[in-house]
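In: The sequence and its predicted three-dimensional model are supplied below.
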Amino acid sequence: MVARLIDEDPEQAYAYSRIALRLASRVAAVREAAGFAAYATQKYAEAIAEFRAAKRMTGSVELWPVIADCERGLGRPERALAMAGEPEVQKLDKAGQVEMRLVAAGARRDMDQLDAAIVTLQSPELASSSVQPWTARLRYAYADALLAAGREDEAREWFAKTLEADKDGATDASDRLAELDGVEFVDAAADDEDDVEDVVGVEDDFEDDEDEDENDPEVAAAERASDQAEYYDEDDEEYEGSAGGDADVDVTDEIVVLDEDEDDRDAGKARDNG
């Protein structure tokens, strides 16, 4: 549980490690896990105690570099440098020796010895073209030290080399390169939010305009006229007649159509009477 949580939730991992210590403090793996949990939460004094306990139980020196780094965390870079010169370092495997070199260079930088830090990192492992698990971190530390010393062109070269070796994205070498090149990244999500706000603002303005139009007498009259016109067809004779007729005439009154025979009879009666 500690190993699973240590990267995403160090505090929770530390809490689990304390429980494990109460249950199995004589187990070396438990002491080592508790040490890494304390290290992840910057409780360096506790971390040193747990790492040393695990070292005594196992007799292994593999925790030597991280113990030295804890000394740095406690503000004691001189002790870290002294540990870098101890016989235990010669017993470390290649990865452990590279890690010890990184810690020693970091201690030099803590003491404002930038040139010494750069020299400490210069090694066959740094010059090698083969990519090992430690290659990206070693190149990154070297590039960062060069940049701190004001050697910007060399730093850019080594950040680029770091990026070539960093297949898992363990470092932010790409961001450092972009910063050196003056490239500025734009947050696309923020731009989308701004666009949405602009659209909402336009819609609000449009709604406000509609509200103002409803309160405008001229606009209201035009809308009523438009609504009334929708009920009539331009080709409708009744509509054409009503356009120029008497306003009092109701276009819905019933229209009586006389039969043609009735018209003839009425005309004949009129002649007889005449």
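Out: Yep, it's here.
In: Quick check: which ranges of the stretch 1-150 of the chain have low pLDDT?
Out: By pLDDT under 70, the low-scoring segments of the stretch 1-150 of the chain are 1, 5.
In: The stretch 151-274 of the chain too?
Out: Looking at the stretch 151-274 of the chain by pLDDT under 70, you get 184-274.
In: now with 50?
Out: Low-confidence segments of the stretch 151-274 of the chain, defined by pLDDT under 50: 206, 219, 222-223, 225-262, 267-271, 274.
In: residues of stretch 102-119 that come out buried?
Out: 102-110, 113-114, 116-118 (16 or more other CB atoms under 10 Å). The C-beta positions use only the backbone N, C-alpha and C, and glycine is treated the same way.
In: Widest-spaced pair of the residues you listed?
Out: Farthest pair in the buried residues of stretch 102-119 (CB to CB) is Val103 and Leu114. Separation: 16.2 Å.
In: with the buried residues of stretch 102-119 in mind, which one is nearest to Pro65?
Out: Distances from Pro65 to the buried residues of stretch 102-119, taken by CB to CB, are shortest for Val103, at 5.3 Å.
In: Now do the same contact list for the closest one.
Out: Contact analysis of Val103 by CB atoms under 8 Å, 6 or more residues apart in numbering lists 65, 68-69, 72, 80, 84.
In: What of Met57?
Out: Neighbours of Met57 in contact, by CB under 8 Å, 6+ apart: 26, 28, 31.
In: Apply 7 Å and report the result again.
Out: By CB atoms under 7 Å, 6 or more residues apart in numbering, the contact set of Met57 is 28, 31.
In: what about it, which helix or strand?
Out: helix 44-58 (DSSP states H and E).
In: Please identify the buried residues of that helix?
Out: 44, 46-51, 53-55.
In: After it, heading C-terminal, what element do we hit next?
Out: Toward the C-terminus from helix 44-58 - assigned by DSSP H and E - lies helix 64-73.
In: Going by distance to Trp134, which of the contacts of Val103 wins?
Out: Pro65 (11.2 Å).
In: since we're on the closest one, how many residues are nearby?
Out: Neighbours of Pro65 under the rule other CB atoms under 10 Å: 25.
In: cool, and the one 3 residues further on?
Out: Ala68 is surrounded by 27 other residues when neighbours are defined as other CB under 10 Å.
In: Equivalent analysis for Leu146, please.
Out: Neighbours of Leu146 using other CB under 10 Å come to 22.
In: Quick check: closest non-adjacent residue to it.
Out: Ranked by CB to CB, 6 or more residues apart in numbering and with sequence neighbours excluded, the top spatial neighbour of Leu146 is Ala155, at 4.0 Å.
In: Who are the contact partners of the one you found?
Out: Neighbours of Ala155 in contact, by CB under 7 Å, 6+ apart: 143, 146-147.
In: mind redoing it with 8 Å?
Out: 143-144, 146-147, 180.
In: Quick check: the gap between it and Asp181.
Out: Ala155 sits 12 Å away from Asp181 when distances are taken as CB to CB, to the nearest Å.
In: which residues are contacting stretch 61-73?
Out: 32, 35-36, 39, 42, 44-45, 47-48, 51-52, 54-55, 77, 79-80, 83-84, 86, 88-89, 91-93, 96, 99-100, 102-104, 106-107, 110.
In: Just the residues you listed: which are in helices?
Out: Secondary structure assignment (DSSP state H) places 32, 35-36, 39, 44-45, 47-48, 51-52, 54-55, 77, 79-80, 83-84, 96, 99-100, 102-104, 106-107, 110 from those within helices.
In: Between the buried residues of helix 44-58, which sits nearest Arg22?
Out: Comparing the buried residues of helix 44-58 against Arg22 with CB to CB picks out Glu50 as the nearest, at 13.4 Å.
In: what's the nearest residue to the closest one if we skip its chain neighbours?
Out: Gly35 (3.3 Å).
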